[in-house]
Structures are given as C-alpha cells and as structure tokens.
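Enquirer: This is the structure alone, sequence omitted:
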C-alpha cells in the first residue's frame with residue numbers, strides 16, 4: 001500500500017486537531033492519529049506524519065507551558081514556584097514539551113496508519129469483485145448443495 005497525500009498537509013490537519021483538543025490529555029496523539037490515518041501507507045509513513053504533527057504542536061504547547069506554569073506549580077510560601085534560573089526552566093520545559101508532543105504524536109500517527117490499513121483492507125474484502133463476502137459463495141450465488 002502506498003501513502004496518500006502530502007505529508008505536511010496531513011500533519012497540518014493533525015496539528016489543528018491536536019490544538020482544538022488541547023484540553024484533553026494526549027491530544028498530540030489524537031492529532032498524530034488523524035495525520036497518520038490521512039497519510040495511510042506503512043506504519044513508518046503514519047509515524048512520520050505524526051512526528052511532523054508533533055513538531056508543529058510542540059511550539060504552541062511550549063508557549064502555553066511557559067506562560068501557565070506559575071499558575072499551576074505550587075510551592076510553600078517563600079519558595080519560588082518555578083526555578084530561580086529561568087534558562088534552566090525554559091530548557092526543561094522545552095525538552096519535556098517536545099518529548100511529549102513528538103513522541104505521542106508519532107505513536108498516534110503509527111496507530112492511525114494501522115487503522116487506515118485495516119479499514120482499507122476490510123473495504124477491499126467487501127467490494128463486489130465477483131466474490132461474495134460469505135465463504136463458499138461466488139457472485140452472490142449460494143454454493144452448490146453437497147451430497148453426503
């Protein structure tokens with residue numbers, strides 16, 4: 001089976017899906033799954049589309065993490081809620097965000113490509129190519145009776 005469509009265009013669609021669903025856990029995986037499903041082809045093709053989706057989603061997630069971290073990181077009174085060295089905080093936030101977004105989107109892309117392949121295989125099996133979906137039948141006719 002070959003991949004269908006433009007990988008970048010499928011990744012953009014996946015990134016839009018992930019950003020719309022950003023309030024859900026593992027939304028990059030769902031976006032990567034959408035990109036992989038649209039990409040079809042081998043698992044590697046789906047994972048590639050998912051990886052590009054994750055790269056596109058990583059920057060908005062990183063900005064959100066950096067801006068919202070002081071609101072969600074609690075510390076005892078007198079202790080800063082984020083590291084005192086902002087460079088360390090930004091590097092750690094970038095590393096965590098990119099790992100989360102790209103990793104989960106790549107896995108989602110592979111799963112999406114797998115689901116597309118399974119669906120495509122099932123659709124091919126049920127087409128009218130002279131064979132009925134029931135075993136032992138051809139062209140929709142019942143099989144000839146057997147004598148026991």
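Expert: Here it is on my side, so go on. Owing to the predicted nature of the structure, the values given are computational and were not obtained by experimental measurement.

Enquirer: does residue 102 really touch residue 59, like I thought?
Expert: No - look at residue 102 against residue 59 with CB atoms under 8 Å: they stay out of range, at 11.4 Å. No exception for glycine: its C-beta is placed from N, CA and C like everyone else's.

Enquirer: what about these two, which has more around it?
Expert: The neighbour count for residue 102 versus residue 59, taken as other CB atoms under 10 Å, is higher for residue 102 (21 against 14).

Enquirer: any idea which element the nearest residue to the more buried one once chain neighbours are set aside lies in?
Expert: Of all residues not flanking residue 102 in the chain, residue 54 sits nearest, at 3.5 Å (CB to CB, 6 or more residues apart in numbering). Element membership for residue 54 (DSSP states H and E) is helix 43-72.

Enquirer: thinking again about what came up before, tally up the residues packed near the residue nearest to residue 102, please.
Expert: 32.

Enquirer: Contacts only, for it.
Expert: By CB atoms under 8 Å, 6 or more residues apart in numbering, the contact list for residue 54 reads 28, 32, 98, 101-106.

Enquirer: now do residue 26
Expert: So residue 26 contacts 104, 108 (CB under 8 Å, 6+ apart).

Enquirer: Does anything pack onto the host helix or strand of residue 92? Which helices or strands?
Expert: Per DSSP H and E, residue 92 falls inside helix 86-125. Using 3 or more CB pairs under 8 Å, 6 or more residues apart in numbering; DSSP states H and E, the elements in contact with helix 86-125 are helix 7-20, helix 27-39, helix 43-72.
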